[in-house]
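Asker: Sequence isn't available, so here's the structure alone:
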Ligand code: M6R
């Protein structure tokens, strides 16, 4: 979603801000803008579309050499994605960029109209800028103005703010949307993400939710909403936390698929000791895990598909009910929490608004929470009772690939851990499975990736179609759901996933000659049943693409990707990598912008 970068320091900042915007591009946006502040006041430059267009415009316009500024990539929510609505918004002496949503902006609008403010855009952001300006004109003091404005604003938002008569100062506000401070030598920054900080910035501080910051060249101060100063928790900025290089790959999506084996290896190594699962690093309370009589899972999108995968395994190993629900539904449905239950939330970014809200709801109800998160210091990581980190490294491509693969591997290990803890699985069985996950899986993933050309060949025909089905049974149905999401997301082929047996209850009417049906069959127990479904669709003219072990039935399949020989529980994860490559190559052949699919944002920080 929207990206924020702000700078104050010893150097001219327009190029620093532009580089920050380029680094934030992956979050998804449709316009960009910058405000520079010097002793002559604000200079505002905005552009529809790519950051490169903003850069061209700035060059043509000879933007001033100021050393204090804020910049933004906007993902439109209120009003079309044109220059008029692009940030920064300037009202009176206040310039503001914003990530999030002001829910009561209409009410604020009314109030400000009555005070004589006029609005130039359709955004909720401009109302916030005007409100801050109103309080700034009344108090003459930035922190008070921000705190008073926040008292009135509802929603989730992060702001970077400048006041025209305070050159060299930036102000940050964090209410529900992430905002970080970068600290360097004689320069300080505000940003939505560490990726936006220049290489010489070596420390960062994740602002507390409900916090305000004042940023100077030589330092910063943090306050809560009542303006009591609070202590900063500085963290080192590592190369990993800002790595946004393609390392010779054409796209981040392909690079990240190619990193899967290493990411699985690294992640599982953190949770296996002496050949057995060991989650002590997560701080998870073992006594609660031992008592669980049910489990709830909430997540969104791809992370939800990892959650469904986990549900399948935990129910199988533990024989307790697991309720998995997309977080956007979970948070509004008044979930029923049984005794001895817990909530597991899964999120790559750790900032997804709905998942965070689900977590908060469970916490309010006194439910123990465990988060599977990839980004350290993210909101979800900070708020959950226990955090199991995936060490997948930064995922830049909007389409989640390596994060999913690592989540499925890690959740398999977690399910095993639960099974072992509760005596449902014996130690020797657990040791074998640990070995398969941590050693065999990375090797087999690399074997699949080494055959990428085979997957690309399958896409020559698939990429010419406008719709497709994915079918599979049991755990494979969840792999299909993720495969279909990936294909839709990056190639814009309308793909629907169905449990294979469900097709003939209605959807089979859509099967016609040449329609692609991608069948995933990895489990011996359901292989014959899925084979029967494949024959049914093939008999009606579908082009079946089969992803299955070489010794599974293949009748009816027109195209086949034979999975490498591997321990059965690993096969669905390998099939997922195949479907990710399928989506990638289909999108490429269709000329799509693989890393930045239209309308999508990497981290969905609004509901
Ligand atoms: O950061 P999260 O894992 O919480 O994100 C959840 C979804 O927005 C995300 O998985 C989305 O579905 C992916 N971009 C799809 O590839």
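Answerer: Done, it's in. In this text, all values refer to a predicted model and were calculated from it rather than measured experimentally.

Asker: Please look at residue 129 and residue 87 and confirm they touch.
Answerer: No - look at residue 129 against residue 87 with Cβ atoms under 8 Å: they stay out of range, at 9.0 Å. In this view, the C-beta of every residue, glycine as well, is placed from N, C-alpha and C.

Asker: where do the contact lists of these two overlap?
Answerer: Listed as contacting both residue 129 and residue 87 by Cβ atoms under 8 Å, 6 or more residues apart in numbering are residue 96.

Asker: neighbour count winner among these two?
Answerer: Neighbour comparison, residue 129 and residue 87: the larger count goes to residue 87, with 31 against 28 (by other Cβ atoms under 10 Å).

Asker: Which residues lie in contact with the more buried one in this structure?
Answerer: Taking Cβ under 8 Å, 6+ apart, we find residue 87 in contact with 2, 33, 46, 72, 74, 96, 97, 98, 123, 125.

Asker: Looks to me like the third one is in a strand.
Answerer: What that stands for is residue 46. Yes - the assignment for residue 46 by DSSP: H, G, I helix; E, B strand; the rest coil puts it in a strand.

Asker: what separates the closest residue to it other than its chain neighbours from residue 47, distance-wise?
Answerer: Distance criterion Cβ to Cβ, 6 or more residues apart in numbering; nearest residue to residue 46, sequence neighbours excluded, is residue 33 at 3.6 Å. If you measure residue 33 against residue 47 using Cβ to Cβ, to the nearest Å, the figure is 7 Å.

Asker: Check residue 485 too.
Answerer: Going from residue 485 to residue 47 by Cβ to Cβ gives 31 Å.

Asker: What of residue 412?
Answerer: Between residue 412 and residue 47 the computed distance is 46 Å (Cβ to Cβ).

Asker: between these two, which one's more packed in?
Answerer: More neighbours surround residue 412 than the other of residue 412 and residue 47, with 26 against 20 (other Cβ under 10 Å).

Asker: Measure how far the helix or strand harbouring the more buried one is from the centre of its chain, please.
Answerer: In this structure, residue 412 sits in helix 402-421 according to DSSP states H and E. On the basis of Cα atoms, centre = their mean, to the nearest Å, helix 402-421 sits 19 Å off its chain's mean C-alpha point.

Asker: for the ligand, what are the nearby residues on the stretch 201-350 of the chain?
Answerer: Residues of the stretch 201-350 of the chain that fall close to the ligand, judged by Cβ under 6 Å from any ligand atom: 300, 301, 302, 303, 347, 348, 349.

Asker: Correct me if wrong: the fifth one contacts residue 370.
Answerer: No - counting by Cβ under 8 Å, residue 370 is not a contact partner of residue 347; they are 11.9 Å apart.

Asker: more crowded one of these two?
Answerer: In terms of neighbours (other Cβ under 10 Å), residue 347 is the more surrounded of residue 347 and residue 370; the figures are 36 against 25.

Asker: Tell me the spacing between that one and residue 372.
Answerer: Residue 347 is 7 Å from residue 372, where distance means Cβ to Cβ.

Asker: Helix or strand with the lowest mean pLDDT in this structure?
Answerer: Sorting the helices and strands of the chain by mean pLDDT, DSSP states H and E puts helix 239-242 at the bottom, at a mean of 57.

Asker: which ones are touching the residue of the stretch 151-300 of the chain found nearest the ligand?
Answerer: Across the stretch 151-300 of the chain, the shortest distance to the ligand (Cβ to the nearest ligand atom) belongs to residue 300, at 4.1 Å. Shown in contact with residue 300 (Cβ under 8 Å, 6+ apart): 326, 327, 328, 347, 352, 354, 355, 604.

Asker: same thing but 6 Å
Answerer: Taking Cβ atoms under 6 Å, 6 or more residues apart in numbering as the contact definition, residue 300 lies against 326, 327, 352, 354, 355.

Asker: what does residue 227 give?
Answerer: Applying Cβ under 6 Å, 6+ apart, we find residue 227 in contact with 143, 147.

Asker: pLDDT score assigned to it?
Answerer: Per-residue pLDDT puts residue 227 at 97.

Asker: Count the residues that sit near residue 492.
Answerer: Per other Cβ under 10 Å, the neighbour tally for residue 492 reads 15.

Asker: Can you pull the phi and psi angles for it?
Answerer: Backbone torsions for residue 492, taken as degrees, to the nearest 10, come to phi 60, psi 20.

Asker: And the nearest residue to it once chain neighbours are set aside, what's its pLDDT?
Answerer: Computed as Cβ to Cβ, 6+ apart, the closest residue to residue 492 that is not its neighbour in sequence is residue 592, at 6.4 Å. What the model reports for residue 592 is a pLDDT of 96.

Asker: for residue 535, same thing?
Answerer: Looking at residue 535, its pLDDT stands at 96.

Asker: cool, residue 195 as well?
Answerer: pLDDT, residue 195: 86.

Asker: With the one 5 residues further on instead?
Answerer: The predicted local distance difference test score for residue 200 is 89.

Asker: excluding its backbone neighbours, what's nearest it?
Answerer: Closest residue to residue 200 apart from its sequence neighbours, by Cβ to Cβ, 6+ apart: residue 184 at 5.6 Å.

Asker: you'd agree residue 225 is up against residue 210?
Answerer: Yes - in this structure, residue 225 is within contact of residue 210 by Cβ atoms under 6 Å, at 5.5 Å.

Asker: Buried residues, stretch 331-340. List them.
Answerer: Neighbour counts using 16 or more other Cβ atoms under 10 Å place 331, 335, 337 of stretch 331-340 among the buried residues.

Asker: wait, what's in contact with the second one?
Answerer: Applying Cβ under 6 Å, 6+ apart, we find residue 335 in contact with no residue.
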